[in-house]
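*Asks:* Just a sequence and a predicted model for now, questions to come.
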Amino acid sequence: MSGQYWFPNMPIPEIMTALSEWGLSVSNEQLVRPSSDFVTGVYNACLEQVTSISPNVLHKPTQRALASLDDANPDLYTNAISHNIMLYHLTRFATSARIMDFSSRDLSAPEPERTRFILSAFINFVKFAEQCTTFISNVREKSAQVIEEREQVIQELSEVQHNLAVLKAQRAKDEPKCEQLKEENAAMTSQLLAAKEVHTGLTKEIESLKIERAHLQARNETVNSESALLMDNNSRTRSRIVQSPERIRRNIMTMGTTAIEDKKTVALHEAKARDLQAKISALVNIEKDVRSCIEQLQTTEKEVQLLEGSQKELAELKDSLEYKKVERGELQKKTERVHKQLGNAQEKLERAQRHAEEKRQASQQTVERLQRDYEKMDIERRENDKQVEELRIEAGDIETKMAEHLKKSEAELNELLTEYWKLRHETEVYMETLANKLNMNVSSD
């Protein structure tokens, strides 16, 4: 027995009165010598008063527990599972009632003192719960709000699931395209890297060719200036010297050879210039291709970023879905508990209505019986009034007769008193006369 509790230990008459208010007929013998069936029924009734949990309510959980068993004969465990479930709820109820050591021994082998102690705790706890009806109604309103919120969450969850299914379908549809884009991106990246290397080499070659072209142009200008100077010198020399055909022929041959070499050099330079121009145009085309590749690469990177953002959003939606699933599970559990409490409250209400109907019928019968008794008493009262009236008349007659008799008696008494005083006076006179004749002293006393 627990040593610390805040409730009074009720005597047997108060326990019987409290249980009778709930429609439980309990005798003194049952409390003095409690049995297992008796305490189980009373404890279940106390539990039902507060939580509306009864063996009928626990039938479905018991069946679900039996259905989850992997056994060929689940009926063998029906009584044990139902007993354990009820013992679990009774233990929680007893803990709330400040009985921390409640066990199955209190059901299977009850002791009188222990049973009265537990019943005192249960009755006080039930009365306390009845005093907190406002709080319980608030809890029921909150449970109704929770149900509405659950419906909203279920609707939002269905929408999220639909959106997730659409995203999954779109993702499954875009998976091949993404793989293809990834492969194309890798190929383009490798091509860009190769093109970049080629572009770097060509840029270096172009720079070297530009430098060589500048040198050649400078050399060409130098050769041209030298040719102009030589021609000026040649013209001045021709004007000075006597013309020698042989020398002139040699000079012409030398100059022709030099002109041919210069023409070859110019043709070579022009060929190099054309090659450089072709290379420059090719480099311009390559630069355009590189720019287009860079633009495509940037577009691909943007698409990759969008894809990564979509994947992040999908991961967030998955996390949100998991969270919503957890919340849904909790809300389902809360809803089941609320439905159970609602069912228990409805059963309790129906039981209270039946009890009130029975009380009303009993009160109606009592009123009818009292009405009949009243009518019967009214008839008897009328008869009694008649008898009283007759007795009053008789009493009046008797009083009249008594008054007449009293008058007669008073008259007769007055006559007797007159005769008495007259006789006494005559007696005194006679005694005085006799005393005088006998010479005796006689006092009037």
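*Replies:* Happy to help now that I have it.

*Asks:* What's the separation between the residue located most distally from the centre of the chain and residue 423?
*Replies:* Note on the chain: the largest C-alpha distance from the chain mean falls to residue 437, namely 135.8 Å (C-alpha atoms, centre = their mean). Distance, residue 437 to residue 423, using C-beta to C-beta, to the nearest Å: 21 Å. To be clear about C-beta, it is placed using only N, CA and C from the backbone, and glycine gets the same treatment.

*Asks:* again with residue 157
*Replies:* Using C-beta to C-beta, residue 157 is found at 130 Å from residue 423.

*Asks:* More neighbours: these two, which one.
*Replies:* residue 157 (19 against 11; other C-beta atoms under 10 Å).

*Asks:* which SSE is residue 253 in?
*Replies:* Of the helices and strands defined by DSSP states H and E, residue 253 is found in helix 245-438.

*Asks:* elements contacting that helix?
*Replies:* Under the contact criterion of 3 or more C-beta pairs under 8 Å, 6 or more residues apart in numbering; DSSP states H and E, helix 245-438 touches helix 36-51, helix 133-240.

*Asks:* Report the buried residues of the first one.
*Replies:* So that's helix 36-51. Residues 38-40, 42-51 are the ones in helix 36-51 that count as buried (16 or more other C-beta atoms under 10 Å).

*Asks:* just curious, which of these is nearest to residue 200?
*Replies:* Nearest to residue 200 among the buried residues of helix 36-51 is residue 51, at 82.8 Å by C-beta to C-beta.

*Asks:* With adjacent residues omitted, what lies nearest to the closest one?
*Replies:* residue 344 (6.4 Å; C-beta to C-beta, 6 or more residues apart in numbering).

*Asks:* That neighbour: neighbour count?
*Replies:* The number of residues packed near residue 344 is 19, by other C-beta under 10 Å.

*Asks:* Could you do residue 219 as well?
*Replies:* By the criterion of other C-beta under 10 Å, residue 219 has 12 neighbours.

*Asks:* I'd assumed residue 53 was in contact with residue 47.
*Replies:* Yes. Between residue 47 and residue 53 there is a contact under C-beta atoms under 8 Å: 5.7 Å.

*Asks:* Quickly list what's touching both of the two.
*Replies:* Both residue 47 and residue 53 are in contact with residue 89, where contact means C-beta atoms under 8 Å, 6 or more residues apart in numbering.

*Asks:* Distance of the residue nearest to residue 51 relative to residue 186?
*Replies:* 66 Å.

*Asks:* same thing with residue 433?
*Replies:* According to C-beta to C-beta, residue 433 and residue 186 sit 181 Å apart.

*Asks:* Next, give phi and psi for residue 99.
*Replies:* The phi/psi pair for residue 99 (degrees, to the nearest 10) reads phi -110, psi 100.

*Asks:* how many other residues sit next to it?
*Replies:* 24.

*Asks:* sorry, back to before: looking at the buried residues of helix 36-51, which is nearest residue 105?
*Replies:* Checking those against residue 105 by C-beta to C-beta gives residue 39 as the nearest, at 10.9 Å.

*Asks:* tell me the contacts of that closest one?
*Replies:* Counting by C-beta under 8 Å, 6+ apart, the residues that residue 39 touches are 106, 107, 110, 115, 118.

*Asks:* Which helix or which strand is home to the first one?
*Replies:* What it means is residue 106. Per DSSP H and E: helix 105-108 holds residue 106.

*Asks:* That helix: which residues count as buried?
*Replies:* Quick answer for helix 105-108 (16+ other C-beta under 10 Å): 106, 107.

*Asks:* Let me know the average pLDDT across it.
*Replies:* For helix 105-108, mean pLDDT rounds to 84.

*Asks:* Excluding chain neighbours, give the residue nearest to the residue nearest to the spatial centre of the chain in space.
*Replies:* By C-alpha atoms, centre = their mean, the mean C-alpha position of the chain lies nearest to residue 331, the distance being 4.9 Å. Leaving out its chain neighbours, the residue that sits closest to residue 331 by C-beta to C-beta, 6+ apart is residue 150, at 4.3 Å.

*Asks:* ok, the one you found touching residue 333?
*Replies:* No. Here residue 150 does not reach residue 333: they are 10.6 Å apart, not a contact under C-beta under 8 Å.

*Asks:* Of the two, which one has the most company?
*Replies:* Neighbour count, other C-beta under 10 Å: between residue 150 and residue 333, residue 150 has more, with 19 against 10.
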